[in-house]
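1. this is the structure alone, sequence omitted:
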């Protein structure tokens, strides 16, 4: 988080004193704003309009030397920022106050997996790169003090059809549970901002029903889920104090993303998984993945084959890519399918863990409500901790965080384990 406050010093002793008092008041206002979660966007940019959503992806160009995506307009942006810095430095007696706050969500569980409630900031023992840290801000995750900005990214492509109606019902219940200060947006795997951030529950429900109507008329999504996530990170949550992403997909765009050693593939994408993970680590977003279909991650080849065969006999057509004509296929088919699905699930679980969230497996459509409820409860009972970096070096270095509860070694703390201070 970045804040810039400017004040001109007076020319007389009286003016100087008045200026010092003014700056103290401004600094206190910034600190209070951080504590209660009132944010001013660092970039000052307007939010994307629905029709412009995803446009930032079109500006990306793969850099073979760096093995990453770069913004075509980055050089112009850097030149503009340099000009702004030069203008600021030319002003007389300008005082700059810049603060950076890393926001970490911590869910505390007892040995039976129950939420531990009623803790205070003094109960948390925090280290950054092995050195003691202090919580600069502390709030409960219930949204009473620090509003929540939730983005639902929903994949409604053909393979997700059997799970869709129940998932939309679960999302409607989640919308009903939002506090008046919370906001939610809906994004589809078409890289479409279907519903921009709003606190209007009726508007959110209309957006969900739009997806239901499309699917019923066979107007299904295009399976560009990771691209939609990348657009959310680049365009939608930059100014949010507490962004939370619920990412429902099987993640099959993974195999279409740009490889660091290959060509862009049939879709010609100019970005890869590394770019998305880097954006996630630089962001404050916590991601909860909801993965429809049979769980294959972590299973042996034999176990995957058995689960796929069993799943294909009882699941609806096209669930997890197992259509009726695919049932009874030879082991080689299930071997390749199992390897692919396990890889996709592992990637989704990894990106959630990186951000302090977790992955849920939606194996039966009727599990959707309980899964969404479990995710919302985790959000609700988390502790939200703000940390000022121990040093302000903006070198892109990853800072490791460890959190434990004082006098309770048996408690498990689930949350983000690192952060990167954004470069100026």
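-> Good, I have the coordinates. A quick note: this is a predicted structure, and the numbers were derived from the prediction, not measured.

2. nearest spatial neighbour of residue 207, chain-adjacent residues omitted?
-> residue 195 (3.6 Å; CB to CB, 6 or more residues apart in numbering). The way it works is simple: take the backbone N, C-alpha and C, and place the C-beta from them, glycine included.

3. now name the helix or strand holding the one you found.
-> Element membership of residue 195 [criterion: DSSP states H and E] is strand 192-198.

4. which residues sit against that strand?
-> 47-48, 50, 53-54, 149, 183-188, 203-204, 206-207, 210-211, 228, 236 (CB atoms under 8 Å, 6 or more residues apart in numbering).

5. taking those one by one, which sit in strands?
-> Judged by DSSP state E, strands contain the following of those: 149, 183-188.

6. okay, those in a markdown table with neighbour count, pLDDT and distance to residue 393 next?
-> Below are the ones in strands among the contacts of strand 192-198 laid out as a markdown table (neighbours: other CB atoms under 10 Å; pLDDT from 0 to 100; distance: CB to CB, whole Å):
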| residue | neighbour count | pLDDT | distance to residue 393 |
| --- | --- | --- | --- |
| 149 | 21 | 96 | 29 |
| 183 | 19 | 96 | 33 |
| 184 | 25 | 97 | 36 |
| 185 | 26 | 98 | 34 |
| 186 | 25 | 98 | 38 |
| 187 | 27 | 98 | 34 |
| 188 | 24 | 98 | 39 |
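
7. and those residues as a markdown table, adding distance to residue 110?
-> Output for these, formatted as a markdown table (distance: CB to CB, whole Å):
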| residue | distance to residue 110 |
| --- | --- |
| 149 | 29 |
| 183 | 32 |
| 184 | 30 |
| 185 | 34 |
| 186 | 35 |
| 187 | 35 |
| 188 | 38 |
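
8. closest to residue 130 among the residues you listed?
-> residue 149 (32.1 Å; CB to CB).

9. in this structure that closest one contacts residue 244, no?
-> Yes: here residue 149 reaches residue 244: they are 6.8 Å apart, a contact under CB atoms under 8 Å.

10. residue contacts, residue 348?
-> 247, 249, 251, 289, 291, 359.

11. which parts of the stretch 51-200 of the chain are helices?
-> Counting by DSSP state H, counting those that start in this stretch, the stretch 51-200 of the chain has helices at residues 55-58, 74-90, 161-176.

12. quick revisit: what about the contacts of residue 348, which are in strands?
-> 247, 289, 291, 359.

13. for the third one, which residues are in contact?
-> The reference is to residue 291. Applying CB under 8 Å, 6+ apart, the residues near residue 291 are 248-251, 345, 348-349, 359-362.

14. mind listing what's buried in the strand holding residue 195?
-> 192-197 (16 or more other CB atoms under 10 Å).

15. what's the spacing between the nearest residue to residue 50 once chain neighbours are set aside and residue 146?
-> Nearest non-adjacent residue to residue 50, counting by CB to CB, 6+ apart: residue 193, 4.4 Å away. Separation of residue 193 from residue 146 (CB to CB, to the nearest Å) stands at 24 Å.

16. same thing with residue 358?
-> 21 Å.

17. which of the two has more neighbours?
-> residue 146 (22 against 17; other CB atoms under 10 Å).

18. next, name the residue at the spatial heart of this protein.
-> residue 285 (3.4 Å; CA atoms, centre = their mean).

19. hmm, it is touching residue 233, no?
-> Yes: between residue 285 and residue 233 there is a contact at 6.7 Å, judged by CB under 8 Å.

20. mind checking which helix or strand of this structure has the lowest mean pLDDT?
-> Scoring the helices and strands of the chain by mean pLDDT, DSSP states H and E places helix 13-36 at the bottom, with a mean of 41.

21. quick one: low-confidence parts of the protein?
-> Along the chain, segments meeting pLDDT under 70 span 1-48, 74-99, 313-328, 394, 422-424.

22. ok, 90 please
-> 1-51, 72-103, 144-146, 158-159, 238-241, 259-268, 282-284, 305-334, 388-398, 419-424 (pLDDT under 90).

23. please tell me how far residue 367 sits from residue 174.
-> 15 Å.

24. just residue 232 next, same as before
-> Distance from residue 232 to residue 174, by CB to CB: 17 Å.

25. more crowded one of the two?
-> residue 232 (26 against 21).

26. quick one: the helices in the stretch 201-350 of the chain?
-> 201-216, 225-231, 273-282, 301-314, 331-355.

27. for the contacts of residue 348, could you give me CSV that also reports distance to residue 272?
-> As requested, these are exported to CSV (distance: CB to CB, whole Å):
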residue, distance to residue 272
247, 18
249, 17
251, 14
289, 19
291, 21
359, 21
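
28. drop anything exposed from the residues you listed.
-> Buried among the contacts of residue 348 (16+ other CB under 10 Å): 247, 249, 251, 289, 291, 359.
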